[in-house]
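> Have a look at this prediction, sequence included:
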Amino acid sequence: MATTACFVIVGRNNSPIYETELGNAPKRDEAMHQHQFVLHAALDVVEDVAWTVNSMFMKGVDKFNELLVSVYMTAGRTRLMLLHDSRSEDSIKSFFQEVHELYIKILLNPLYVPGSRITSAQFDTRVRALARKYLL
């Protein structure tokens, strides 16, 4: 069975900071664009749900076909969003927590402008390693 996952970090002004396709499903341009569209469309739902929960981790915020949207919102209102097929909530939460730690390390870099795109190949490699560890 093919595993699908699309991961996006969205800044407080709703601009994408980091985007990647994860998983072993065949890569098609239409599917990648559709995944990004679904995640960005879920932003309104995330804003509504954020006011009703006390947790940073919001599971199953939105659903598209058989794919679910899970979100982790940082204290600075940056959203880590994952579009995935059904997986263990604990592994998704662990993935989000470790990616959040990586994101904090990026923010601590004096050369990084908060809210700008993350272009670090090392960050991308580490996110993909975490995805293999927890999601795939």
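On my side now, so go ahead.
> For the helix or strand bottoming out on mean pLDDT in the chain, list every residue counted as buried.
Sorting the helices and strands of the chain by mean pLDDT, DSSP states H and E puts helix 29-41 at the bottom, at a mean of 74. Buried residues in helix 29-41, counted by 16 or more other C-beta atoms under 10 Å: 34-36, 38-39. From N, CA and C alone the C-beta is placed, and that goes for glycine too.
> Any idea which residue is closest to the centre of this protein?
The chain has Met81 as the residue nearest its centroid, 2.9 Å off, counting by C-alpha atoms, centre = their mean.
> hang on, the earlier thing: distance from the least confident helix or strand of the chain to the middle of the chain?
Centre-to-centre, helix 29-41 and its host chain are 13 Å apart (C-alpha atoms, centre = their mean, to the nearest Å).
> Would you mind pulling up the elements that it packs against?
With contacts taken as 3 or more C-beta pairs under 8 Å, 6 or more residues apart in numbering; DSSP states H and E, helix 29-41 sits against strand 4-10, strand 16-23, strand 57-64, strand 67-73, strand 79-84.
> Quick check: which of the ones you listed is nearest to Leu136?
The closest of the helices and strands packed on helix 29-41 to Leu136 is strand 16-23. By C-beta to C-beta, the value is 6.3 Å.
> So for the closest one, mean pLDDT?
Strand 16-23 carries an average pLDDT of 88.
> swap in stretch 42-55?
79.
> Give me the residues contacting that stretch.
Residues outside stretch 42-55 that contact it (C-beta atoms under 8 Å, 6 or more residues apart in numbering) are 10, 14, 58, 61-62, 69, 71, 73, 79, 81.
> Flag whichever of the residues you listed scores worst on pLDDT.
Per-residue pLDDT puts Asp62 lowest of the contacts of stretch 42-55, at 70.
> pretty sure that one contacts Ser70?
No - judged on C-beta atoms under 8 Å, Asp62 makes no contact with Ser70 at a distance of 9.2 Å.
> Got the phi and psi for the residue lying closest to Phe95 once chain neighbours are set aside?
Nearest residue to Phe95, sequence neighbours excluded (C-beta to C-beta, 6 or more residues apart in numbering): Tyr134, at 4.0 Å. Backbone geometry at Tyr134, expressed as degrees, to the nearest 10, gives phi -100, psi -30.
> I appreciate the help and will end here.
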